[in-house]
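*Asks:* what would the 3D arrangement of this be:
(2 chains)
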Amino acid sequence: KNQVEQSPQSLIILEGKNCTLQCNYTVSPFSNLRWYKQDTGRGPVSLTIMTFSENTKSNGRYTATLDADTKQSSLHITASQLSDSASYICVVGSQTGANNLFFGTGTRLTVIP
Amino acid sequence: DGGITQSPKYLFRKEGQNVTLSCEQNLNHDAMYWYRQDPGQGLRLIYYSQIVNDFQKGDIAEGYSVSREKKESFPLTVTSAQKNPTAFYLCASSTTSGTGEQYFGPGTRLTVT
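*Replies:* Numbers count the residues shown, from 1 in each chain, chains lettered A, B, ... in the order given. Below is the predicted model:
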């Protein structure tokens, strides 16, 4: 069964600290993996997209890694800011079908001063 | 939120009434999607369309209907047959080539009482 699991469900960190969010998936055949940031009550915004051949991609203070062998990805946030408080969603795309995206339930990150 | 607009942001309806959610995009994307988001769950696909005048059911299409008469517009009607319509609805669009990265609108929160 194609699934995407994220951990932890929620996380609270102090401003300025780093954190890492995890994503494990069983989607096959794999096409790409995306990380989205979703502020409360808003639509998700893309942070990174990685294909099979990419094992790391950065977007400012956000760095995503992908291990296609173990089917794991992580999103590392450096020097967190209050504006990083949001839900972070991992989405895995499959090669089959016109629209085969599998969504994780997200990690809710709260950055406190 | 890119070039996708959804209206209204908040919508209240009485049980038994049909309601239509608007989604417009100016990104010249061929594909458009409707998702439903509930607390603690990943996004679930309701309907998608890859070309004008054509659309396909997603995972939870029952109680919903769509139309795609124009490339820019993909309205979603929540009918009285939808048993639990209260949710956050997200519209997205993408190209149909490459990674097909999806760009999301700001969402509409529908409350049915």
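
*Asks:* is the closest residue to residue A:72 other than its chain neighbours in a bridge, and if so with what?
*Replies:* In this structure, residue A:72 finds its nearest non-sequential neighbour in residue A:24, 5.3 Å apart by CB to CB, 6 or more residues apart in numbering or on different chains. For glycine as for every other residue, the C-beta is placed from the backbone atoms N, C-alpha and C. With DSSP bridges as the criterion, residue A:24 is bridged to residue A:5, residue A:72.

*Asks:* how close does residue A:24 get to residue A:1?
*Replies:* Residue A:24 sits 13 Å away from residue A:1, going by CB to CB, to the nearest Å.

*Asks:* what residues does chain A put near chain B?
*Replies:* By CB under 8 Å from any CB of the partner chain, the residues of chain A that approach chain B are A:4, A:31-32, A:34, A:36, A:41-46, A:49, A:51, A:89, A:93, A:98-99, A:101-106.

*Asks:* so which strand or helix has residue 46?
*Replies:* This is for chain A. Using DSSP states H and E, residue A:46 falls within strand A:45-51.

*Asks:* if you could check chain B rather than the one you did, that'd help
*Replies:* Take DSSP H and E as the rule and residue B:46 turns out to sit in strand B:44-51.

*Asks:* what residues sit buried inside the next helix or strand after that strand?
*Replies:* Using DSSP H and E, the helix or strand that follows strand B:44-51 in sequence is strand B:54-57. Residues of strand B:54-57 classed as buried by neighbour count (16 or more other CB atoms under 10 Å in any protein chain shown): residue B:55.

*Asks:* partners of strand B:54-57 in the sheet?
*Replies:* When pairs are called by DSSP bridges, strand B:54-57 turns out to pair with strand B:44-51 (antiparallel).

*Asks:* what about the strands in chain A?
*Replies:* Here chain A has its strands, by DSSP state E, at A:4-7, A:10-14, A:19-25, A:30-38, A:45-51, A:56-59, A:62-67, A:72-77, A:86-94, A:101-103, A:107-112.

*Asks:* may I see those strands arranged in TSV, with mean neighbour count and mean pLDDT as well?
*Replies:* Formatted as TSV, those follow (neighbours: other CB atoms under 10 Å in any protein chain shown; pLDDT from 0 to 100):
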stretch	mean neighbour count	mean pLDDT
strand A:4-7	17	96
strand A:10-14	13	98
strand A:19-25	19	98
strand A:30-38	21	94
strand A:45-51	18	94
strand A:56-59	14	96
strand A:62-67	18	97
strand A:72-77	20	98
strand A:86-94	23	95
strand A:101-103	21	91
strand A:107-112	17	98
